[in-house]
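Engineer: turn this into a model:
(2 chains)
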Amino acid sequence: MVKLYTILIIGFLLVLNGCSQQQSANSLDSTSPNTLTGKLIITGSSTIAPLAAELALQFEKKNRNSKIDVQTGGSSRGIADIRQGTSHIGMVSRQLKLAENDLKAHLLAKDGVSIIVHKNNPIRELSESQIRSIYLGKIDNWKSLNGVNQKITVINKSEGRSTLEVFAKYFKLKNSQIKSNIIIGDNEQAVKLVSKNPHAIAYVSIGTAEYDIALGIPIKTLPLNGVPANTATLLKNQFPLSRELNFITKEQMSALAIAFINYAQSKTANSIIEGFGFVPTHP
Amino acid sequence: MFLHIRDSVLFFTLKSLSGISIVSLLFIIFYLVSESSMVLSKINLSHFIFDAGWYPIEGQFLLLPMIVGSLFITVGAMLLAIPVGIFTAILCQFYAPIWLSQTLQRIIEILSGIPSVVYGFWGVVVIVPVLASIQAPGTSLLAGIIVLTFIIMPGIVLIANNAFQEVDKMHIQNAITLGLSRYSIIRHIILPYAQRGLLSGTILQSGRAIGETLAVLMVCGNVVQFPGNIFEPVRTLTSNIALEMAYAMDEHRSALFLSGLILMLVVLTLILLAERIELSAKST
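Structural biologist: Residues are numbered from 1 along each chain as shown, chains lettered A, B, ... in the order given. I've put the predicted structure just below:
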C-alpha cells in the first residue's frame, strides 16, 4: 500500500511539474511581439493536407500562441465543413464550381496528375485518345498499344475524389463510363497496386509519383502530349493535366485565418510548397 | 430480496453501465435511420435494386451488388473457415499429443491477435499477385474470401474448443467404458452435443466477418458489380462506406448511411438468430 501511495505521489508531482513548465512557456510567449492567438481548424483535400500541416508547423513556430489543426477527408469535406461552420479554412484541390460561389478561394499552388504504369512496362507514351480508350474499356490489352500480350488492369479512384474529378474532366469522361478493374481510395494505394502489377495503369498526383519513384518503388510516369510528367514541366506550366490547390473560406475571416493564408501565399512558404512537388502560384 | 448497502451501490452501478450500452445501441440505430431517411424519402427504393450502377453524384444508387458482395465474401470465408476451424479444434482436443496441441493453441491465439489490416497488407503483397497470375487483376472476390478466412478462422477454433468443452464429461467417460472408438465418440456424442454451441458461435462469427472492412477493401478491387466468377472484383457494403464516406455529400452521404443501416440490420438479425439457437439448446 505504501508503495502505491509513493507511486501516486511521484506521478502527481511529475504532472504538477509538467504544468508549471507549460505555464512558464506561456508567460514567455505573452511577452513576445506576436499577439496572434487562437485555434484554426483546417479540413479537406488529402492532397493538400500534408502541405498544410507543414505550413501550419512553421506558422506555429512564428506565432507561439496559435494552434492549427489539419484534418483530411477530401475536397468535398473541406467545402461541407466551411459551409457548416465546423472549420475555419477548407482545402480544395480543384477550381471552385459555379455552385460554390458563396465561398472564397485563395489559390495556393498547382499540382499535376500523372498516368503511372509499372517500371517494367515497355510502353513509353500514350496519346490522350489511347488513355481515354483504355479507361472506356475499348482497349483492354497492352498488345494493341505495341506492348506485351496481357490484359490491362485499369485502376480508378472512388467517387468523390478530386483526382478522379480532374482526370475525368480532362479526358472528357463520366465516372459511369469508366470501365475499371480496381477502385481505390488514395494515391499511395494506387502506387502500391501498380508496383505489384506489371500490367496495371493508374493516375496519381505527380508529387506522390515523384516521391515514390525517388524511394525506388518500381513505377514510372508517362508523358502527356509529349510533355514529361515531373515537377520541372509543372513549374514551367507546360504539363497539361494540372489542377489548382486552394484554401477556401467564407467572406468573413478571423485575423488568424487571414494571417495564415497570407503566410501560405508568401515567398517564404514557396520552398515548402515546392518541397511537396507542387508549383507555388505566388512567386 | 434483501440488499446490503454495498450490494445496492454495486447493483445501481451495474444497472447504469448496462443502461449506457443499451442507450448507445438505440442511439446508433436512431442516428443511422435519421441520416439515411433523406435518401429514402428522395429516392425510390427500386433505384437501389434496378439502377445501372453506383454513381451517386450522377444520381445512380445501385446498392444490391454490394449487399451481394458482402454476403458472397462472408459465406465463402465461412465455408472455408468452419471446417478448417472445427477440424483444428478436434485435432487439438482429441488426437494431438500435448506438445502439438499446445503449440497449435498458441499459434491460434497469436493468429487471432494479429490486426486485420496486417492480413490485408499480406493479401495485397502475397495473395493478389498469385491470383493475378491466374487471372488479372488479382484483386477479387477470391482474394477477399482467402484473407477473410484467415481473419475469422482463429475465432472459429476458439468457439469450437469451448463448445467441445461444454459436452458433459460423464457421457464421454461412459462411452469410453463401453469401448467406443475415439472416432465414434467424436462423431456420435461430442459433435451432436456441441452442435448448437458451434452453430450459434459461428453465426456470431459471421456477423464479425460481414463487418470486416479494411482488409477486404485492400484486396477486393472494389468495383461495384455482380461478380461473374470468383476472380472478378467486388465491393462490400463496409468498403463502400470506408472508401466514400470522407468524400460524400447530400444524397451520396445519406446513401452510405443506408449501407450502414442495412449492415446493422443484418448483424442484428444474426445475433438474434444465434441467441435463439442458444436458448432453444438450453430449454431442451
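
Engineer: can you list the domains in chain A?
Structural biologist: A:37-109+A:245-280, A:111-242 (automatic domain parsing).

Engineer: so which of the ones you listed is nearest chain B?
Structural biologist: Among the domains of chain A, domain A:111-242 comes nearest to chain B, with 3.0 Å by Cβ to the nearest Cβ. Where you see a C-beta, it was placed from the backbone N, CA and C, and this is true even at glycine.

Engineer: can that closest one be said to contact chain B?
Structural biologist: Yes: counting by Cβ under 8 Å from any Cβ of the partner chain, chain B is contacted by domain A:111-242 at A:150-151, A:153, A:158-161, A:174-176, A:180-185, A:189, A:192-193, A:196-197, A:199-200.

Engineer: any of those residues buried? List them.
Structural biologist: Buried by 16 or more other Cβ atoms under 10 Å in any protein chain shown: A:153, A:158-161, A:175, A:180-185, A:189, A:192-193, A:196-197, A:199-200, out of these.

Engineer: one step back: so which of the residues of domain A:111-242 next to chain B are in strands?
Structural biologist: A:153, A:182-184, A:200 (DSSP state E).

Engineer: which of the residues you listed lies closest to A:S46?
Structural biologist: Nearest to A:S46 among those is A:I184, at 12.6 Å by Cβ to Cβ.

Engineer: so where is the stretch 151-284 of chain B shaky, pLDDT-wise?
Structural biologist: B:281-284 (pLDDT under 70).

Engineer: which parts of it sit against chain A?
Structural biologist: B:217-218, B:221-224, B:233, B:235, B:242-244, B:246-249, B:252.

Engineer: what about residue 93, how many residues close to it?
Structural biologist: No chain was given, so I picked chain A. A:S93 has 28 neighbours, counted by other Cβ atoms under 10 Å in any protein chain shown.

Engineer: oops, I was thinking of chain B
Structural biologist: The number of residues near B:Q93, taken as other Cβ under 10 Å, comes to 16.

Engineer: ok, B:T103 to B:E109 distance?
Structural biologist: 11 Å (Cβ to Cβ, to the nearest Å).

Engineer: and if you look at A:F167?
Structural biologist: 46 Å.

Engineer: please identify the helix or strand for the residue nearest in space to the middle of chain A.
Structural biologist: For chain A, the residue nearest the mean C-alpha position is A:T47 (1.0 Å; Cα atoms, centre = their mean). Secondary-structure assignment from DSSP states H and E places A:T47 in no helical or strand segment.

Engineer: now it: how far from A:D186?
Structural biologist: 9 Å.

Engineer: could you find the closest non-adjacent residue to B:F226?
Structural biologist: Distances taken as Cβ to Cβ, 6 or more residues apart in numbering or on different chains put B:P65 closest to B:F226, at 5.1 Å, once the chain neighbours are dropped.

Engineer: now the helix or strand harbouring that neighbour: buried residues?
Structural biologist: Taking DSSP H and E as the definition, B:P65 sits inside helix B:64-90. Neighbour counts over helix B:64-90 (16+ other Cβ under 10 Å) mark B:65-70, B:72-74, B:76-78, B:80-82, B:85-86, B:88-90 as buried.

Engineer: now do the same contact list for B:N240.
Structural biologist: Counting by Cβ atoms under 8 Å, 6 or more residues apart in numbering or on different chains, B:N240 touches B:54, B:66, B:222, B:224, B:256, B:259.

Engineer: turn those residues into TSV, including secondary structure and distance to B:Y95.
Structural biologist: Output for the contacts of B:N240, formatted as TSV (DSSP: H, G, I helix; E, B strand; the rest coil; distance: Cβ to Cβ, whole Å):
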residue	secondary structure	distance to B:Y95
B:W54	strand	49
B:M66	helix	42
B:N222	coil	42
B:V224	coil	46
B:L256	helix	48
B:S259	helix	44
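
Engineer: ok, of those, which one's closest to chain A?
Structural biologist: Looking across these and measuring by Cβ to the nearest Cβ, the closest to chain A is B:N222, at 4.1 Å.

Engineer: quick one, helices of the stretch 51-200 of chain A?
Structural biologist: A:75-84, A:128-136, A:162-170, A:187-196 (DSSP state H, counting those that start in this stretch).

Engineer: now the two most distant members of the ones in strands among the residues of domain A:111-242 next to chain B.
Structural biologist: Those two in those that are separated most widely, counting by Cβ to Cβ, are A:I183 and A:A200, at 12.7 Å.

Engineer: need the overlap of contacts for these two.
Structural biologist: Contact criterion Cβ under 8 Å, 6+ apart; residues shared by A:I183 and A:A200: A:I155.

Engineer: quick one on the thing from earlier: just the buried ones among the residues of the stretch 151-284 of chain B next to chain A, please.
Structural biologist: B:217-218, B:221-224, B:233, B:235, B:242-244, B:246-249, B:252.

Engineer: just how off-centre is the helix holding B:P65 within its chain?
Structural biologist: Centre-to-centre, helix B:64-90 and its host chain are 8 Å apart (Cα atoms, centre = their mean, to the nearest Å).

Engineer: could I get the ones in strands among the residues of domain A:111-242 next to chain B as JSON lines with distance to A:G207 and pLDDT?
Structural biologist: Shown next, in JSON lines, are those (distance: Cβ to Cβ, whole Å; pLDDT from 0 to 100):
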{"residue": "A:T153", "distance to A:G207": "24", "pLDDT": "93"}
{"residue": "A:I182", "distance to A:G207": "22", "pLDDT": "93"}
{"residue": "A:I183", "distance to A:G207": "22", "pLDDT": "92"}
{"residue": "A:I184", "distance to A:G207": "17", "pLDDT": "90"}
{"residue": "A:A200", "distance to A:G207": "20", "pLDDT": "94"}
